[in-house]
Structures are given as C-alpha cells and as structure tokens.
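no letters, just coordinates:
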C-alpha cells in the first residue's frame, strides 16, 4: 500500500507540472505578440528559482518535523535530503509543484511590464508566501488544521495566496501604457494567440485532475474512492463554470462567445471546487462551479472599473473564486475521517465550522497581501519593478531575449540603441527620442 500511495503521489505531481505549460500558453496567448516568449520564460523561472527556494527552506517551513515545529511554522528538513525515509521525497516533490503553481499565478498579473530581474527575485522569495499557509492548513501542528479547517487541494495556500499576490503586484506595477484611455475605460488589446489560450486552458484542465485527485495522497484503503470522487467533482465544477461563462458571454456580449470570459468561467469553476473536491457530491460541484464562475467574471468587470490592469484576470479567477470555494466548503462539506472533522452547515454542521473557514480566508489573505507588499517594495528598491517605457513599447521579447518580430520593431530598437550610443560620450546630452526622468524611465516616447 505504501508503494502504491507513493506512486500515486509522484504521478500526480508529474501531471501537476504540466500546469506550468498550461499557464504559460494561456498567458502568452492573451498578451501582445511582442511579449509572448517572455511570458513562457517567466514560467520557467518560477520552477527554477521557486523550486530552488522550496528545496532550501520552503519545505522546511511547511512540513519540517523537528522539535521546533509549531502551530505557526515548521522547522527541519532544510536542503531536503533523506537516507532512510524516502516518503519525504514524494511529499516534497508533490508540494514543490504546488509552491511553483502559486507563484505562476502571479506571473499573469505582472505581464508585459515587469522587469525580468525583479521577477527572478520575486519568484525566489515568494515561496515564503506559500510555505507558511501550507503549514497552517496541512501540517498536523498547523493552527488551521487543529481548528478543523478543510481545504483538500489548495484553495487557500495556492489559489488565494497567488490571487492576492497578483492583485498586489498589479496595483504596485500600475497599468500598461495602452490599457486604459484618458477616461479610464479599458482598451481591447489584441491577443497574440486565442488558440494558445484555449490550448493552455485544456492543459490546466488536465493538470487540475492531478492537482485535486493527487491530494488524497494515495489510493490505498478508501483513498481510491476519495480520489475518484475528486475527479468527478473537479469535472463537474468546470462544467458548471463553463455553463455560466458561455451564458454570460452570450447575454452581455451580443450573443458572442468571448474566449477570455469562457476561460475565466471554466477556471473559476475549477478553483472553487478545489477545497471541497473529495468531500462533496457531484451535483453540489455543479452549483459551486457555477457560482464560482459568476464570482470570477464579476471580479473581472470590477477590476476594469477600478482601472486595475490584471491581463489574465488572476485575482478574480484565483483569489475571489477561492474565497467562495472555502466558504462553500463550510456549507456543503461531508464529514470524513481523512479530511473533514465536521460537516458543512447545510449538512447539519455548525456555524463554528463555517466561521473557521472564514477565519482561514482572512488569515491567508492578510498574510499573502502583507508579505507580497514587503517583498515587492524591497525588490523595487533594488532592481526596479517595472520596465522602462521604451522597453515596454518594444516588448520584452526583444529587450530581454533578442527576438525580432518585424522590421518595424527592429528599426525602433536600433534608433533607441543609436541614441544611447550617441550620448555615451556626453552624459548630459539629451536623448532626442524621449524625455527621461531621474530614474532613467522614458516618460514620453515619440517613435511611431
């Protein structure tokens, strides 16, 4: 049984890692063409530097097993290694896939304007934002676990953490130059590849099955029954979300089926059943997913009205839908020996259990907001969070990766380089193509 469980955990983790490709394709398809490669590179950075951080200290904080382990944080197993308990490796690898997913969620909200060096630093330190809530929720000594809070597959530590970090990052970075007009109305920015958006969504859909089913941590005993239920609940949640997304788009957009609304509905449904996937009924998953999509799509509308530039809707899709998902768990949860000490309010449970679920939401959201603010503030002082205006106009694909898409892009870039070269011998010479503020940012680019 032990070997079967370890195999299940590892296989699920392999599937979860395909979500990096899904997020990458979805985000790269939504942004403009001049930044699509940069988006994919940032997803690789999440695994490289986020994975390094989780190996060094993330797993230790989440699931350290020394005598210093307490209700707030774990301690032990730094620089993860083991000579005799190879079960640690399976658990570490599975949780590593969760940690990198939490950071990848933030990537979409920072798209097309974040400094690549700043993002590398952020992907490393943001592991802290995930590691502590993971301990609170899933470690035997975590204070939320002791209170009986239920989150089977990471609604709080992954999606709420990532979604809150996303809105903080989007606000601190400010909108892209061409996102809103002078009246604050959002402009439609051409997608690089709507097909890739849908392809990425299908990969996320597939990865979510590993995400939720793998969180049973095995298939021995009755765990296979819980894993099977998780699969059905996950699919039904996405069906409910997809139905709302399609209906909303057709009703409010002149019977057009808009890709971004369909995708947001699907993902909102998936996020909202993540906490309850092993402990609710299939029909309940349809309802939860349907409402989760409504919350996510409503959040997208709210962001536009508040002039918050979140290119992929990371905050409403992940944070708002996860808030509903944790509340729904307090309503619909079925008591089980493995995951839930208490039944949901609508299943004969108490208000206390629902209150504990809400306390978990508040605790995790505040933690993510505060830690992300501190991290990004320090990173901004060291590297500068945002690209220059010139870099944003040309696109990160050229400035960071030396990829040319057109002669027009090449000519603009060469003009910038020539101006910089011409002024290299005289630091007081004014660059004719732009005004430069005291931070070296281009404040008015006149290239056409």
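Yes, it's here. Bear in mind that the values here come from a model prediction, so they are computed numbers and not experimental data. Residues are numbered from 1 along each chain as shown.

distance from the chain centre to stretch 106-116, please.
12 Å (Cα atoms, centre = their mean, to the nearest Å).

what's the end-to-end length of it?
14 Å (Cα to Cα, to the nearest Å).

how about stretch 165-180?
Across its full length, stretch 165-180 reaches 22 Å end to end, with Cα to Cα as the criterion.

likewise for stretch 329-342?
Chord length of stretch 329-342, first to last residue, is 10 Å (Cα to Cα).

buried set for it?
Buried positions in stretch 329-342, judged by neighbour count with 16 or more other Cβ atoms under 10 Å: 329, 330, 331, 332, 333, 334, 335, 336, 339, 340, 342. To be clear about C-beta, it is placed using only N, CA and C from the backbone, and glycine gets the same treatment.

and if you look at stretch 76-94?
Buried, per 16+ other Cβ under 10 Å, within stretch 76-94: 77, 80, 88, 90, 91, 92, 93, 94.

apart from its chain neighbours, what residue comes closest to the last one?
Here the nearest residue to residue 94 in space, its sequence neighbours aside, is residue 13; by Cβ to Cβ, 6 or more residues apart in numbering that works out to 4.4 Å.

equivalent analysis for residue 395, please.
residue 34 (2.7 Å).

next up, the contacts around the one you found.
The neighbours of residue 34, taking Cβ atoms under 8 Å, 6 or more residues apart in numbering as the test, are 394, 395, 396, 397, 398, 405, 409.

next SSE after the helix or strand where residue 271 lies?
Under the criterion of DSSP states H and E, residue 271 resides in helix 259-272. Where DSSP H and E defines the elements, the next helix or strand beyond helix 259-272 is helix 282-305.

gap between the residue nearest to residue 395 and residue 312?
17 Å (Cβ to Cβ, to the nearest Å).

what's the spacing between residue 12 and residue 260?
Applying Cβ to Cβ to residue 12 and residue 260 gives a distance of 29 Å.

and the two? which has more neighbours close in?
Using other Cβ atoms under 10 Å as the criterion, residue 12 and residue 260 rank with residue 12 on top: 26 against 20.

which residues does stretch 290-297 contact?
237, 240-245, 248, 261, 264-269, 271-273, 313, 316-317, 320-321, 323-325, 328.

any idea how far the helix or strand harbouring residue 120 is from the chain center?
Per DSSP H and E, residue 120 falls inside helix 116-125. Between the centre of helix 116-125 and the centre of its chain there are 15 Å (Cα atoms, centre = their mean).

immediately after it, which helix or strand?
Toward the C-terminus, helix 116-125 is succeeded by helix 127-138 as the next helix or strand (DSSP H and E).

identify the residues contacting the closest residue to residue 178 other than its chain neighbours.
Nearest residue to residue 178 in three dimensions, chain neighbours excluded: residue 187, at 6.2 Å (Cβ to Cβ, 6+ apart). For residue 187, the contacting residues are 178, 179, 180, 181, by Cβ under 8 Å, 6+ apart.

longest helix of the chain?
Identified as the longest helix of the chain according to DSSP state H is helix 351-382.

check which residues of the helix or strand just after that helix are buried.
Scanning forward in sequence from helix 351-382 by DSSP H and E, the next helix or strand is helix 389-394. Using 16+ other Cβ under 10 Å as the test for burial, helix 389-394 gives 389, 390, 391, 392, 393, 394.

can you tell me how far the second one is from residue 223?
The spacing between residue 390 and residue 223, counted by Cβ to Cβ, is 55 Å.

which ones are touching the residue nearest to residue 151 when sequence neighbours are not counted?
Distances taken as Cβ to Cβ, 6+ apart put residue 275 closest to residue 151, at 4.5 Å, once the chain neighbours are dropped. For residue 275, the contact set (Cβ under 8 Å, 6+ apart) comprises 150, 151, 152, 153, 154, 155, 156, 322, 325, 326, 328, 329.

residues near the residue lying closest to residue 261 once chain neighbours are set aside, how many?
Nearest residue to residue 261 in three dimensions, chain neighbours excluded: residue 249, at 4.3 Å (Cβ to Cβ, 6+ apart). When counting by other Cβ under 10 Å, one arrives at 21 neighbours for residue 249.

so residue 249 is in contact with residue 260, correct?
No - counting by Cβ atoms under 8 Å, residue 249 sits too far from residue 260 to count as a contact (9.0 Å).

circling back: farthest-separated two in the contacts of residue 275?
154 and 328 (14.9 Å; Cβ to Cβ).

packing partners of the helix or strand where residue 42 lies?
Per DSSP H and E: residue 42 is located in helix 36-53. Counting contacts by 3 or more Cβ pairs under 8 Å, 6 or more residues apart in numbering; DSSP states H and E, helix 36-53 packs against helix 2-30, helix 87-109, helix 116-125, helix 127-138, helix 396-401.

most packed of those helices?
helix 127-138 (a mean of 26; mean count of other Cβ atoms under 10 Å).
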